[in-house]
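Undergrad: Below is the sequence, then the predicted model.
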Amino acid sequence: MKKIILLFICFPFLLTACTVSSAKEYENTLVVVASFYPVYILAKNITEGVPGVVLENMAQPQTGCLHDYQLTTKDRKAIENADLFLINGAGMESFLNGVQRQYPQLPVVDTSQGIALLHSHQHHHHAEEEHHHEFENGHIWLSSENGMIQAENICNALVQKDPDHAEQYQKNLEAFRSNIHSFQSTQPLSKGNAQKAVIFHEGFDYISEEYGFVVEGEILAEENQTPSAKELAQIIDHAKQQQIKLFFTADDAGRAYAELIANEVGGSVYLLDPITSGPMEKEAYLNALYYNQKTIQEALDNGYS
Amino acid sequence: MEWINTMLELLPFSFLQYDFMKNAFLAVLLLAPLFALLGTMTVNNNMAFFSDALGHSALTGIGIGTLLGLKEPLFCMIAFGIFLSLAITKVKDGTTSSDTIISVFSSTAMAIGIVILSQEGGFAKFSSYLIGDVLTVTQKDLLLIFVVLLLSYFIWALLYNSLLLVSVNPSLAVSRNVNARFTENVFVVLVAITVMVSIRLMGILTINSLLILPAAAARNVVTNAKAYHWLTTAIGLISALSGLVLSYEMGTSAGASIVVVAALFFFITFFMAKINK
């Protein structure tokens, strides 16, 4: 019996021994931690090729949006080692309050500075009746213009923290900027060429703004929200009445609702990339922008000219 | 399928003009008798806690499904559900009280599920399973539920007498050459399949109440087995339909609304039984 108890007591120590800690292996390096995927790939564009900078992503790439994200112990370890903690801002990192209380010294960089936020309530079809509170829409990275501002903010923070490599950061930013500009010059729609659409992802408000869509309805089925039958019925009626044929969704929980509604009113579902997961490389951001552009172009070619 | 749609449109519910509500309507119409059938026996055999454990174990099934990279974890959920129910039936005959055994299994299964699903902090993605969503039910799902319903009626017809005997008096059952262990195993497997097939629609947190409440409500007032079954089915159907109407009108979760109506029935019959005494 005694032996068994002894074994039980040893158990937790055995487990820690298995996972050898890798604390502070980086001396003389600048450890930059991005809060999640879009911030990471934007930052990657700025830090690429600069010696002595280690860029890490806190949340795992498959996490998706950070609503209700719970920090894992691994995340805390990453944050604790950070010289700079890049966040998307605009309310996306709701876990941050607790973290800042724990690590008051944490150098947080809010990349949303200087970006005009959309307010989610503007587009809610059912907003007039029930929901009068407005909340900020934090999915800023989905418009190329905002992505560029975020990259600029990241660059400024890096230059300030690591002035020795200022020139390289700025060169990277310049390259990124010209890529964004050449992307923007290929837009299929000019503003005001308003097509009506229903979107199934909060972030697509920003895409709609960039392409000049009018969001006639919005069903948010992200993670912990499920739309009610009434909400679906209202959108269906509205879509029928307004003859809306465009339904933009991400390949997530919203897709089932998009297909359900498109079936009912006879429109088509188009999958856009919310850029919350994907390859961890710097080209990923522009690739995703171009992918969305191609999809939107297809949607417009199918019956809209 | 066309004639079903046409028939549904004749019903006096305005929400039936929408295809998705038609599907949801059919889903609860199929699920209510299925749950009633299994619920009567679950309540008789004091297995309410068991079916609760089964519902929670769905999380592990989902978890294993994601580990294997499956997009639709239903198969894993059913497999794990069957495994767990057989394991509980096997172990609970021992010395520890079955309460404790079921609780141990239930919490272990749930914890394993959460450990797998909360990897990288992403549990929120799966929280839709907790409450369920009957609105996105597809015709394929409906077909599956229909098959399970037919299967259950078939097995029910074959095993009804032995099941009843086992639940009323196990030793008498053994003397009549009824294989109690086999009968019980078939029954728990059936419950496992039913729960897993419908959990995405009804939700982990509420599914057990759907199984237990109609039967429990009926048992308060009935005097024979036949009436018990039919009253349970009736209460199940009425709560399912009124729950769906409520959820449509108030924008609430369908599963939970159905449970609330069924609970109302339970308290009504409970006090009816009290007064009649």
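TA: Cool, the structure landed.
Undergrad: Please count neighbours and contacts with C-alpha atoms only from this point.
TA: Noted.
Undergrad: domains in chain A, as residue ranges please.
TA: Domain ranges of chain A: A:30-184, A:196-301, per automatic domain parsing.
Undergrad: which other residues reach stretch A:295-305?
TA: Residues from elsewhere that reach stretch A:295-305 (Cα atoms under 8 Å, 6 or more residues apart in numbering or on different chains): A:188, A:246, A:270-272.
Undergrad: Return the set of buried residues in it.
TA: Buried residues in stretch A:295-305, counted by 16 or more other Cα atoms under 10 Å in any protein chain shown: A:295-296, A:299.
Undergrad: can you put the residues you listed in JSON lines and add distance to B:Ala109, pLDDT and secondary structure?
TA: Converted to JSON lines, those look like this (distance: Cα to Cα, whole Å; pLDDT from 0 to 100; DSSP: H, G, I helix; E, B strand; the rest coil):
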{"residue": "A:Thr295", "distance to B:Ala109": "42", "pLDDT": "91", "secondary structure": "helix"}
{"residue": "A:Ile296", "distance to B:Ala109": "44", "pLDDT": "89", "secondary structure": "helix"}
{"residue": "A:Ala299", "distance to B:Ala109": "45", "pLDDT": "85", "secondary structure": "helix"}
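Undergrad: hang on, the earlier thing: can you tell me which of the domains of chain A is most buried?
TA: Of all the domains of chain A, domain A:196-301 has the most neighbours on average by mean count of other Cα atoms under 10 Å in any protein chain shown, namely a mean of 20.
Undergrad: Distance from the chain centre to the helix ranked longest in chain B, please.
TA: In chain B, with assignment by DSSP state H, the single longest helix is helix B:139-168. Helix B:139-168 sits 12 Å away from the centroid of its parent chain (Cα atoms, centre = their mean, to the nearest Å).
Undergrad: Next: stretch A:278-287.
TA: 13 Å.
Undergrad: returning to that earlier point: I'd like the buried residues of stretch A:295-305 written out as a markdown table, with distance to A:Pro279 added.
TA: Formatted as a markdown table, these follow (distance: Cα to Cα, whole Å):
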| residue | distance to A:Pro279 |
| --- | --- |
| A:Thr295 | 19 |
| A:Ile296 | 22 |
| A:Ala299 | 25 |
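Undergrad: what are the ranges of the strands in the stretch 1-150 of chain B?
TA: Counting by DSSP state E, counting those that start in this stretch, the stretch 1-150 of chain B has no strands to list.
Undergrad: Residue of it closest to chain A, please.
TA: Chain A sits closest to B:Lys125 of the stretch 1-150 of chain B, with a gap of 4.7 Å, by Cα to the nearest Cα.
Undergrad: Give me the helices and strands touching the longest helix of chain B, please.
TA: helix B:19-44, helix B:170-175, helix B:180-202 (3 or more Cα pairs under 8 Å, 6 or more residues apart in numbering or on different chains; DSSP states H and E).
Undergrad: weakest of those helices by average pLDDT?
TA: Lowest mean pLDDT within these: helix B:170-175, a mean of 78.
Undergrad: Buried residues, that helix. List them.
TA: Residues of helix B:170-175 classed as buried by neighbour count (16+ other Cα under 10 Å): B:170, B:173.
Undergrad: Now B:Val189: closest residue in space that isn't a chain neighbour?
TA: Spatially, and ignoring its direct neighbours in sequence, B:Val189 is nearest to B:Ile82 (5.3 Å; Cα to Cα, 6 or more residues apart in numbering or on different chains).
Undergrad: what about A:Phe247, which SS state?
TA: Secondary structure for A:Phe247, judged by DSSP: H, G, I helix; E, B strand; the rest coil, is strand.
Undergrad: bridging residues for it?
TA: Beta bridges link A:Phe247 to A:Val198, A:Val269, judged by DSSP bridges.
Undergrad: so how far is A:Asn292 from it?
TA: Going from A:Phe247 to A:Asn292 by Cα to Cα, to the nearest Å gives 13 Å.
Undergrad: Please apply the same query to B:Gly61.
TA: Applying Cα to Cα, the value for B:Gly61 to A:Asn292 is 35 Å.
Undergrad: low pLDDT regions in the chain?
TA: Using chain A. Along chain A, segments meeting pLDDT under 70 span A:17-27, A:60-65, A:67-68, A:120-134, A:188-193, A:222-225, A:303-305.
Undergrad: you looked at the wrong chain, it should be chain B
TA: B:1, B:94-96, B:120-122, B:124.
Undergrad: State the number of residues packed around the residue nearest to B:Ser162 when sequence neighbours are not counted.
TA: With sequence-adjacent residues excluded and distances taken as Cα to Cα, 6+ apart, B:Ser162 is closest to B:Val178, at 6.2 Å. By other Cα atoms under 10 Å in any protein chain shown, the residues close to B:Val178 number 18.
Undergrad: and B:Val178, backbone torsions?
TA: The phi/psi pair for B:Val178 (degrees, to the nearest 10) reads phi -90, psi 130.
Undergrad: And the helices in chain A, which stretches?
TA: Assigned by DSSP H, the helices in chain A fall at A:2-18, A:37-47, A:73-80, A:96-102, A:144-161, A:166-184, A:204-211, A:229-242, A:254-265, A:284-301.
Undergrad: how close does B:Ala263 get to A:Tyr291?
TA: If you measure B:Ala263 against A:Tyr291 using Cα to Cα, the figure is 51 Å.
Undergrad: A:Asn179 too?
TA: When A:Asn179 is compared with A:Tyr291 (using Cα to Cα), they lie 15 Å apart.
Undergrad: List of residues touching stretch B:128-146?
TA: Applying Cα under 8 Å, 6+ apart, the contact partners of stretch B:128-146 are A:223-226, A:229, A:256-257, A:260, B:20-21, B:23-24, B:26-27, B:30-31, B:194, B:197-206, B:253-256.
Undergrad: and that stretch, C-alpha only, in PDB?
TA: Provided in PDB are the C-alpha atoms of stretch B:128-146 (Å, rounded to 0.1, in the frame of the first residue of the first chain):
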ATOM      1  CA  SER B 128     -22.800  23.700 -30.800                       C
ATOM      2  CA  TYR B 129     -23.000  20.000 -29.800                       C
ATOM      3  CA  LEU B 130     -23.900  21.000 -26.300                       C
ATOM      4  CA  ILE B 131     -27.200  22.700 -27.200                       C
ATOM      5  CA  GLY B 132     -27.800  21.100 -30.600                       C
ATOM      6  CA  ASP B 133     -29.400  22.500 -33.700                       C
ATOM      7  CA  VAL B 134     -32.400  20.900 -35.300                       C
ATOM      8  CA  LEU B 135     -32.700  23.600 -37.900                       C
ATOM      9  CA  THR B 136     -29.800  22.400 -40.100                       C
ATOM     10  CA  VAL B 137     -31.100  18.800 -40.300                       C
ATOM     11  CA  THR B 138     -30.800  17.500 -43.800                       C
ATOM     12  CA  GLN B 139     -32.900  14.900 -45.700                       C
ATOM     13  CA  LYS B 140     -30.000  12.500 -45.300                       C
ATOM     14  CA  ASP B 141     -30.200  12.900 -41.500                       C
ATOM     15  CA  LEU B 142     -34.000  12.300 -41.600                       C
ATOM     16  CA  LEU B 143     -33.500   9.100 -43.600                       C
ATOM     17  CA  LEU B 144     -31.000   7.900 -41.000                       C
ATOM     18  CA  ILE B 145     -33.400   8.700 -38.100                       C
ATOM     19  CA  PHE B 146     -36.200   6.900 -40.000                       C
END
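Undergrad: Cheers, nothing more for now.
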